[in-house]
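Asks: Take this sequence and fold it.
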Amino acid sequence: MPSPTPIGARPWAMLAVAVYAQTSTTVVLATPAFLIPLLHTVQGVPLVQAGLLAAAPNLGMVLTLVAWGAAADRWGERRVLVLGLLLTALAVVAAMVVQGDVALGIALLLAGMGAASTNAASGRVVIGWFPRERRGLAMGIRQACQPLGTAIAALAVPPLVASGSVLPALVLGAAMVAVACVACAVVIVDPPRPERVRVEGASDNPYRRGLLWRIHAVSVLLVVPQFALSTFGLVWMVAGLGFSALAAGVVVSAAQFLGAAGRVGVGVLSDRVGSRLRPLRWVAIAGILALLATAVTGALGEGAIGWAIAAAGCYVIASCVSVADNGLAFTSVAEIAGPFWSGRALGAQNTGQFLGAAIVGPVVGALIGLAGYAGAFALVAIAPLIAVPLVPSARRERIE
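Replies: Predicted structure coming up:
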């Protein structure tokens with residue numbers, strides 16, 4: 001295997017800033033969900049209304065992901081990052097001062113619309129400045145910021161709002177995003193792009209080849225176990241396996257941090273084997289096995305402490321596997337789309353995943369009602385089972 005191309009310190013500095021920017025917007029997106037106990041139990045906001053407030057930033061993100069990607073394709077990554085982070089900070093500041101739940105929801109929606117800028121643009125920075133043999137590692141590090149941001153919000157928001165006001169939690173998000181905006185303006189440089197060459201009768205639209213559609217479909221399928229486990233893992237361990245809330249929280253938190261490390265690990269693996277799609281198929285197969293192991297040990301663990309502990313261990317493994325595909329697919333999409341389409345392609349990639357995740361809660365919740373937790377997790381394994389044959393071959397990856 002050839003030695004990695006030396007790249008110097010600046011791309012790593014830009015990666016660090018991109019990770020911080022994505023982490024800061026993830027904190028903004030995740031914070032409203034951790035405000036639900038305060039809004040509902042202290043301020044008397046109905047649970048449905050509190051849930052809508054928590055969903056507002058994610059809705060704003062879904063509405064604008066492709067548009068921000070197209071903007072990055074046209075005007076460059078640095079401008080999109082700085083503008084998007086500035087709009088996010090202003091929207092969070094607006095959320096601090098507005099009166100009424102409707103106005104708060106609109107401000108959070110606008111914050112999500114601005115935060116979407118980091119998803120496509122920061123990914124393009126990584127793809128543009130890192131050579132192919134280092135992109136798996138770099139993108140794995142970049143993708144780890146999402147569980148990291150969620151963990152920061154989970155740890156910081158509850159004590160910040162203990163006084164009964166949401167203001168301190170919003171200040172945290174606004175401050176982090178403002179720092180990220182300045183850092184991007186100072187550090188980020190748009191990666192060089194090759195000169196666009198047009199051939200008469202040919203199209204530069206990478207979607208005409210069909211490969212990207214398959215990767216998008218695989219990613220939507222593989223997001224099902226990720227959100228099924230993260231959404232229902234805590235309540236399953238408490239209600240189904242008899243864990244205390246504290247012990248279940250420790251297990252879920254451990255799964256988040258290990259999942260972040262797993263994203264980096266599979267990124268390094270993809271660099272070593274020279275392919276994103278081969279490890280993507282391996283991850284899908286591992287997901288089937290991990291989900292079935294979780295289902296079996298979970299069924300045996302109801303009332304048996306030894307099996308319950310084994311089920312928690314399988315849950316951690318399944319959770320790590322369920323998030324490992326994200327960086328692989330993201331990197332593959334950007335590489336295949338090329339420098340003039342990667343922004344839009346990455347926006348479409350994230351949009352599909354968010355839309356897929358949106359249906360996981362009600363569908364898996366209904367499955368749990370019909371088949372129990374173990375049965376539902378076994379049925380969720382159908383999603384990666386369908387994904388395996390959809391993963392394109394590594395031969396096509398090289399040709400494309």
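
Asks: How many residues are close by residue 345?
Replies: Neighbours of residue 345 under the rule other Cβ atoms under 10 Å: 27. For every residue, glycine as well, the C-beta is placed using N, CA and C.

Asks: Which pLDDT value goes with it?
Replies: pLDDT for residue 345: 82.

Asks: out of everything not next to it in sequence, what's closest to it?
Replies: Spatially, and ignoring its direct neighbours in sequence, residue 345 is nearest to residue 337 (3.7 Å; Cβ to Cβ, 6 or more residues apart in numbering).

Asks: which residues sit in contact with the one you found?
Replies: By Cβ atoms under 8 Å, 6 or more residues apart in numbering, the contact set of residue 337 is 206, 212, 344, 345, 346.

Asks: I figured the first one hits residue 334, correct?
Replies: No: the pair residue 206 / residue 334 is not scored as a contact, 10.5 Å apart, by Cβ atoms under 8 Å.

Asks: Counting neighbours, go ahead and name the busier of these two.
Replies: Set residue 206 next to residue 334 and count neighbours by other Cβ under 10 Å: residue 334 wins out with 25 against 19.

Asks: Tell me which helix or strand that one sits in.
Replies: Element membership for residue 334 (DSSP states H and E) is helix 305-337.

Asks: Repeat that for residue 339.
Replies: Per DSSP H and E: residue 339 is located in neither a helix nor a strand.

Asks: from what I can see it touches residue 77, true?
Replies: No: Residue 339 is beyond contact range of residue 77, at 10.8 Å (criterion: Cβ under 8 Å).

Asks: Spatially nearest residue to the spatially most central residue of the chain, not counting backbone neighbours?
Replies: In the chain, the centroid-proximal residue (Cα atoms, centre = their mean) is residue 146; its distance is 5.3 Å. Distances taken as Cβ to Cβ, 6+ apart place residue 26 nearest to residue 146, at 5.4 Å, with adjacent residues excluded.

Asks: go on, residue 342?
Replies: residue 334 (4.4 Å).

Asks: ok, now residue 183?
Replies: Leaving aside its chain neighbours, residue 183 sits nearest to residue 17 (4.8 Å; criterion: Cβ to Cβ, 6+ apart).

Asks: doesn't residue 182 make contact with that neighbour?
Replies: No: using Cβ under 8 Å, residue 17 makes no contact with residue 182, being 9.9 Å away.

Asks: Can you pick out the residue with more neighbours from those two?
Replies: Using other Cβ under 10 Å, the more surrounded residue of residue 17 and residue 182 is residue 17, with 21 against 13.

Asks: Now do the contacts for that one.
Replies: Taking Cβ under 8 Å, 6+ apart as the criterion, residue 17 is in contact with 180, 183, 184, 187, 188.

Asks: Return the distance of it relative to residue 24.
Replies: According to Cβ to Cβ, to the nearest Å, residue 17 stands 11 Å off from residue 24.

Asks: shared neighbours of those two, anything?
Replies: Taking Cβ under 8 Å, 6+ apart as the contact rule, residue 17 and residue 24 both touch residue 180.

Asks: So for stretch 129-147, what gets flagged as buried?
Replies: Buried residues in stretch 129-147, defined by neighbour count with 16 or more other Cβ atoms under 10 Å: 129-130, 133-147.

Asks: and those residues, which of them are in helices?
Replies: When DSSP state H defines the helices, the subset of those inside them is 129, 133-143, 145-147.

Asks: which of those residues sit farthest apart?
Replies: Spatially, the most separated pair among those is 133 and 147, at 25.4 Å (Cβ to Cβ).

Asks: From residue 108, how far out is residue 66?
Replies: Using Cβ to Cβ, residue 66 is found at 21 Å from residue 108.

Asks: Among those two, which residue is more densely surrounded?
Replies: Taking neighbours as other Cβ under 10 Å, residue 66 and residue 108 compare with residue 108 leading, 30 against 20.
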